[in-house]
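Novice: Predicted model and sequence below, questions to follow.
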Amino acid sequence: MASINEQLREQARKLLADKVVDLIIGYRKGSLPLRSTPYLVKTEEEAGSLIFDLTSSNNLAKYLPRVKTENRGSKIGIVCKGCDGRSVVQLIIEGQVKREDIVIIGVPCEGVVDTRKVRKKTGGEEVLRVSLPVLPGSGGREIMVEGRGFKITLDKEEVLCDVCLGCQHPNPPLYDLFIGRPREGSSARDEFKALEEFERLSSDERWRYFEHEASRCIRCYACRDACPLCYCEQCFVDETHPQWFGKGPDSSDTLIFHIVRALHTAGRCVSCGACVRACPVGINLNPLWVRIEKEVKERFGYTAGLSLEVTPPLATYDENDKQEFIL
Amino acid sequence: MSEEIFKLEKDNLEGFLLYLSQKYNLFLPRRVDDQLSFGQMKPGGKPSLDHYFNTDLPPKEVFFPQRETLLSYEGGEVKHSTYKAKPIALFGVRPCDTKGIILLDRVFAEGEYEDPYWKARRTNSLLLTLGCNAPLSTCFCHWFNLGPFNKEGTDIFLTDIGDAYLVEPCSKKGEECLRGTSLLGATGDDRKVAEEIRRKAESSLSERVEISSLKGRLLALWEEDLWEDISQKCLSCAACSYLCPTCHCFDIQEEGSQEKGERIRIWDSCMFKLFTQEAAGTNPRPTPKERLRQRIMHKFSYFLDNLGEFGCVGCGRCIRGCPVNLDIREVIKAVKSFIVESR
Ligand code: SF4
Ligand code: SF4
Ligand code: SF4
Ligand code: SF4
Ligand code: SF4
């Protein structure tokens, strides 16, 4: 059987040749080991560089509204793993893109690598070469990483992103064509496992955790800018009239940024983890986001980005909604 | 300059740092939550020099903090802030970053405008640069005629030779500082070891790309589609600028009330849309294309015009930190190889 990359390239070429799409948002090999890079494919030749593997870590749905605006009237193909696909659904529900303008190319996701976890495993040594298990469903779990004077084999579960370890939706919920076979659901995994340890902490300890993370924030906004659901024309942090809060790196201000962003993505966040991976200083506020999604699920029975038919909880009102928190 | 080169046994490093911290406000590489940056030496504190290739955050923040109070006021009384503590010393800066500080001197202290805040911290400061025995694959300082053992701008240059450092004074300040220590001279063998380390490090660097013609190319390509292609994946965040040892844009903000408050300056970045947003609602750099082009033009063209040198030192931080793997080396290569189609 042809590899996932070969199938992906062939299908992409076909879509372009048959004029089903005008361009395709996908990934190609990056300039660093363990990195792929977003790639906008316009020609059949370029389609030959497409890849999908454990390094395809950006959420490509981010680019949809922009690519759409820059290429009016075009039909856009987009390579979607589970969480990219859920983001696309969410963007359609929120009126940011139209279903009929996009062609979703589903890929079966086996998780993406957290390069910080790898850095821990190598004791901070630089990774110069890697070999990844062949996708999909090869059962391959071993990742071999090599650098100056070391060569180690890692089990992929040790270095996947936290969100991937709890992922319930490895396939996009909506697709026009699928590369390979959709993966069996991962119901064996506990969706909120990453949260267990965190929930055991006292509220003081949790606060200290958030404060510590926020105190390291340099306000580069890579997290916001990588998030497919942070598409506001003007983000509240950039408003100057009025300016809602201070612009400096003090944690009293950075915390406001993160808490308000978390509220703005409540019931919309698809737990892709793109924001955490984007952070150049390794800040991990994922527990806050996942905890909110858990709350949304428990209260409203809603999980973001799974269906075009269900109205998101923040876009509706029901008299029977629990309101015991209103004093 | 004296020809003398000293030797500092690693066992005596603590004492040496203690000596420095008596005279200086000492900053050194410190690891917090797996992140390396320059932090103030605490009593009994040690530098994080294991697996130290370069700090994740650039040392510019020591002289140009992300947030700095310019003045404060209370009940009609205004106080101007200036740095008054002991002179600053940086221990273990990499050569590229030393050069970054020298470039910022040109911007903040030697050019048309003088920045009193930069000068207050930088004046009388001491740079102790540590050569790079093991350059990263993302290091490309050699493209700029720098290198892992470049001594330009430093006061004292250190080479890690195993159990000891070779210590070489490179300025008057450096010489004076070392005069107060009881370091012994390095032997010929020590120098040979250091020479071998340098040779090995230099030969491990990736292939060098010739960039002398870059500025001309950039000016000729200003209008080309190339910028659309390059910027397609850029998110317009500020990871690259904030990690860069030479990016130095800032914004001035007022914090507080009418009665009491502060005027501060904070880092800013040309990659942000807000950076060029005009009150009338227009924006001369409306999309990532114009913004990324600005950053590249500044580093490789305007910097040359204004200060006679490239504004990039090849530290590779923006390559390691970019969330979409937009690699500045690839941008340079794309600019070099772009073929202009006749119109
Ligand atoms: S908030 Fe983070 S995890 Fe949630 S959708 Fe945005 S990028 Fe993904
Ligand atoms: S990416 Fe990291 S450092 Fe940048 S704003 Fe977000 S949390 Fe802060
Ligand atoms: S090049 Fe990378 S780090 Fe810089 S603004 Fe673009 S996405 Fe952010
Ligand atoms: S542009 Fe990038 S490589 Fe050059 S000095 Fe700045 S961070 Fe370093
Ligand atoms: S870029 Fe050059 S000077 Fe800077 S850390 Fe790398 S090898 Fe050292």
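Specialist: Structure's in. What do you need? Numbers count the residues shown, from 1 in each chain, chains lettered A, B, ... in the order given. Ligands and ions are numbered 1, 2, ... in the order given.
Novice: What is the burial count for the closest residue to ligand 3 within chain A?
Specialist: Of all residues in chain A, residue A:222 sits closest to ligand 3, at 5.9 Å by CB to the nearest ligand atom. Heads up, the C-betas are built off the backbone N, CA and C, glycines and all. The tally of other residues near residue A:222 (other CB atoms under 10 Å in any protein chain shown) stands at 28.
Novice: Now that it has come up, it's in contact with residue B:237, right?
Specialist: Yes: using CB atoms under 8 Å, residue A:222 is in contact with residue B:237, at 4.0 Å.
Novice: so what sits against both of those two?
Specialist: Common contacts of residue A:222 and residue B:237 (CB atoms under 8 Å, 6 or more residues apart in numbering or on different chains): A:278, B:323.
Novice: What's the separation between the closest residue to residue B:316 other than its chain neighbours and residue A:113?
Specialist: Among residues not flanking residue B:316 along the chain, residue B:138 sits closest, at 3.3 Å (CB to CB, 6 or more residues apart in numbering or on different chains). Separation of residue B:138 from residue A:113 (CB to CB, to the nearest Å): 18 Å.
Novice: Specify which residue of the two has the higher count of neighbours.
Specialist: Higher neighbour count among residue B:138 and residue A:113: residue A:113, with 25 against 22, using other CB under 10 Å.
Novice: how about the nearest residue to the most centrally placed residue in chain B, chain neighbours excluded?
Specialist: Nearest to the mean C-alpha position of chain B, by CA atoms, centre = their mean, lies residue B:245 at 2.7 Å. Distances taken as CB to CB, 6+ apart put residue B:100 closest to residue B:245, at 3.1 Å, once the chain neighbours are dropped.
Novice: Can you confirm whether the helix or strand harbouring residue B:262 lies near ligand 3?
Specialist: Using DSSP states H and E, residue B:262 sits within strand B:260-267. No: counting by CB under 6 Å from any ligand atom, ligand 3 is not contacted by strand B:260-267; separation bottoms out at 13.7 Å.
Novice: strands paired with that strand, and their directions?
Specialist: strand B:67-74 (antiparallel), strand B:250-256 (antiparallel) (DSSP bridges).
Novice: Could I get the contacting residues of the closest residue in space to residue A:160 that isn't next to it in sequence?
Specialist: The spatially closest residue to residue A:160, leaving aside those adjacent along the chain, is residue A:111, at 4.0 Å (CB to CB, 6+ apart). Under the criterion of CB under 8 Å, 6+ apart, the neighbours of residue A:111 are A:54, A:156, A:160-161, A:164-165, A:167, A:170.
Novice: Recalculate using a threshold of 7 Å.
Specialist: Residues counted as contacts of residue A:111 (CB atoms under 7 Å, 6 or more residues apart in numbering or on different chains) are A:54, A:156, A:160-161, A:164, A:167.
Novice: right, and the strands paired with strand B:260-267 - which one's nearest ligand 5?
Specialist: strand B:250-256 (24.2 Å).
Novice: what separates the spatially most central residue of chain A from residue B:152, distance-wise?
Specialist: For chain A, residue A:272 is the residue whose C-alpha lies nearest the centre (CA atoms, centre = their mean; 2.9 Å). Look at residue A:272 and residue B:152: by CB to CB, they are 44 Å apart.
Novice: what about the helices in the stretch 151-300 of chain B?
Specialist: B:172-179, B:188-203, B:214-221, B:226-231, B:239-243, B:288-297 (DSSP state H, counting those that start in this stretch).
Novice: Dump the ones you listed to a markdown table, plus mean neighbour count and distance to ligand 1.
Specialist: Below are the helices of the stretch 151-300 of chain B laid out as a markdown table (neighbours: other CB atoms under 10 Å in any protein chain shown; distance: least, CB to the nearest ligand atom, whole Å):
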| stretch | mean neighbour count | distance to ligand 1 |
| --- | --- | --- |
| helix B:172-179 | 16 | 48 |
| helix B:188-203 | 14 | 39 |
| helix B:214-221 | 15 | 34 |
| helix B:226-231 | 18 | 21 |
| helix B:239-243 | 25 | 15 |
| helix B:288-297 | 21 | 18 |
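Novice: before we move on, the earlier item: which pLDDT value belongs to the residue nearest to residue A:160?
Specialist: If you check residue A:111, the pLDDT there is 92.
Novice: My reading is that it lies in a helix. Confirm?
Specialist: No: counting by DSSP: H, G, I helix; E, B strand; the rest coil, residue A:111 falls outside a helix, being coil.
Novice: follow-up on the earlier one: let me know the average pLDDT across the strand holding residue B:262.
Specialist: Confidence for strand B:260-267, expressed as mean pLDDT, is 96.
Novice: for ligand 4, what are the nearby residues on chain B?
Specialist: By CB under 6 Å from any ligand atom, the residues of chain B that approach ligand 4 are B:243-246, B:299, B:312-318, B:328.
Novice: List buried residues within those.
Specialist: Buried members of the residues of chain B next to ligand 4, counted by 16 or more other CB atoms under 10 Å in any protein chain shown: B:243-246, B:299, B:312-318, B:328.
Novice: Lovely, talk soon.
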